[in-house]
Every structure is written in C-alpha cells, then in structure tokens.
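A.B. asks: give me a 3D structure for the following:
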Amino acid sequence: MNEVILEVKKRDTGKKASKSIRNQGFIPGVFYVQGQDNISIYAKPLDLRPIVYTAQTKVVDLKVEGSNQSHQCILKDIQFDPVTDNIVHFDLQGLVKGQKLTVEIPFKLVGQPIGVRQGGKLMQNIIKIKVKSLPQDLVELIEVNIAHLNMGDNLLLKDINLGALETELAPETVIATVMKPRGGGK
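C.D. replies: Okay, the predicted model is just below:
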C-alpha cells in the first residue's frame, strides 16, 4: 500500500480557532486514535491533495510539528464547502497494530468483457466497498479481471477474492453486470 507523508501543525480547538486557521489559508483537522486524546491539527491544502483527490485508500505517515514521533493513519472523513467545494475539515484515524478498522476500498475493473465486445454495456453497481481489516491487511484498491464476462453475466461479491478483508455485504451482491443493449441487440 502506498504511503503519503503529511506534515501538520498543532492548533487550538474551537470554532474561532478553526475559522482563523481557514482565513490564513490552512485546513483544520483532527487526528484520533481509540483510547488516546485527539490532536487538533492543520495542514496546507496542497499537502492534502494526494490523500483526498484519489480513488485509492492511502496510508498517511503523519508528522506533527514539534514531535519526533510519526503516526500511521488513514483519511477517515473529509468535509467540503457546499458552495466553493473547498476542503473545510479533515479527520485522520490512527492505525493500531492488532486493532481492526472500517474503511472503504474501491474496486478497479480490469479488462474488456466479452459481452461488451459483442455490443453489451458494462454497468458497475458498486464502486467502493466498506470493509473491516487489520492495518497490515489494507489494500489501496481491489482489482478484478472482468474480461470473461459474457452478455447478461454478473460479477458477484462471492466471485472476488477479498483475502483477509471482511464485509457485511451479502455474497450474492452484484458488483458489475454486462447488460444486453435495448432493442434486442445481437
């Protein structure tokens, strides 16, 4: 799994402090680990791009100014301004060895299905899947070869090797389908 280094600074808590941070051009956030105190932080908008504007799940190597210790974490939540679409807040969840966490991991469909070459249309029903996993079992994305799908075939969750990842979705959940074209088709 790719690791992204994020350098942040500590900040005061509260609405006024957050507003002041935003007015200075930074983005307020919080880092938390179960059983420990939260750390209020802020970062430069450009530094957040590699972990926010990607479809992949990334592990963040968090370096807090004034601390020699780095923290392994993931982006747990991100909030955007509804008008400008700028990031207004982010949450980072610390990874603890031996402790499972819940994350969303995207599917990457690879190959062109036989049914699409025959005039069918590929429909991806599920783009991301919520999984429970130990930190060492996390993956950036789940890559699935779909070249074998014929017209009318479905790719079901049970057809995919998730390894050590656990999900609450039913094994019969349809991930992708090759649909017949309207009007009969070939």
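A.B. asks: quick check, pLDDT for residue 33.
C.D. replies: The per-residue pLDDT reported for residue 33 equals 88.
A.B. asks: how about the one 3 residues further on?
C.D. replies: According to the model's per-residue confidence, residue 36 sits at a pLDDT of 83.
A.B. asks: does it really touch residue 94, like I thought?
C.D. replies: Yes - Residue 36 sits in contact with residue 94 when judged by Cβ atoms under 8 Å, with a separation of 7.5 Å. The C-beta positions use only the backbone N, C-alpha and C, and glycine is treated the same way.
A.B. asks: between the two, which has more neighbouring residues?
C.D. replies: Using other Cβ atoms under 10 Å as the criterion, residue 36 and residue 94 rank with residue 94 on top: 21 against 11.
A.B. asks: what is the neighbour count of the closest residue to that one other than its chain neighbours?
C.D. replies: Of all residues not flanking residue 94 in the chain, residue 33 sits nearest, at 3.3 Å (Cβ to Cβ, 6 or more residues apart in numbering). Using other Cβ under 10 Å, residue 33 has 17 other residues around it.
A.B. asks: how close does residue 33 sit to residue 99?
C.D. replies: 9 Å (Cβ to Cβ, to the nearest Å).
A.B. asks: from residue 114, how far out is the spatially most central residue of the chain?
C.D. replies: In the chain, the centroid-proximal residue (Cα atoms, centre = their mean) is residue 57; its distance is 4.0 Å. When distance is defined by Cβ to Cβ, residue 57 is 30 Å away from residue 114.
A.B. asks: next, count neighbours for residue 64.
C.D. replies: 17.
A.B. asks: check contacts around it.
C.D. replies: 8-10, 31, 39, 41, 71 (Cβ atoms under 8 Å, 6 or more residues apart in numbering).
A.B. asks: of these, which is the most crowded?
C.D. replies: Busiest of those [other Cβ under 10 Å] is residue 8, holding 26 neighbours.
A.B. asks: how about it, nearest residue that isn't a chain neighbour?
C.D. replies: Excluding the flanking residues, the one nearest residue 8 by Cβ to Cβ, 6+ apart is residue 41, at 4.1 Å.
A.B. asks: now residue 137
C.D. replies: In space, residue 137 is closest to residue 164, 4.1 Å off (Cβ to Cβ, 6+ apart).
A.B. asks: so that neighbour, which state does it fall into?
C.D. replies: Taking DSSP: H, G, I helix; E, B strand; the rest coil as the rule, one finds residue 164 in the coil state.
A.B. asks: hmm, residue 26 and the residue nearest to residue 8 touching each other?
C.D. replies: No - Residue 41 lies out of contact with residue 26 (Cβ under 8 Å); the separation is 9.7 Å.
A.B. asks: look up how far residue 99 lies from the nearest residue to residue 29 once chain neighbours are set aside.
C.D. replies: Closest residue to residue 29 apart from its sequence neighbours, by Cβ to Cβ, 6+ apart: residue 90 at 4.0 Å. Relative to residue 99, residue 90 is positioned 21 Å away (Cβ to Cβ).
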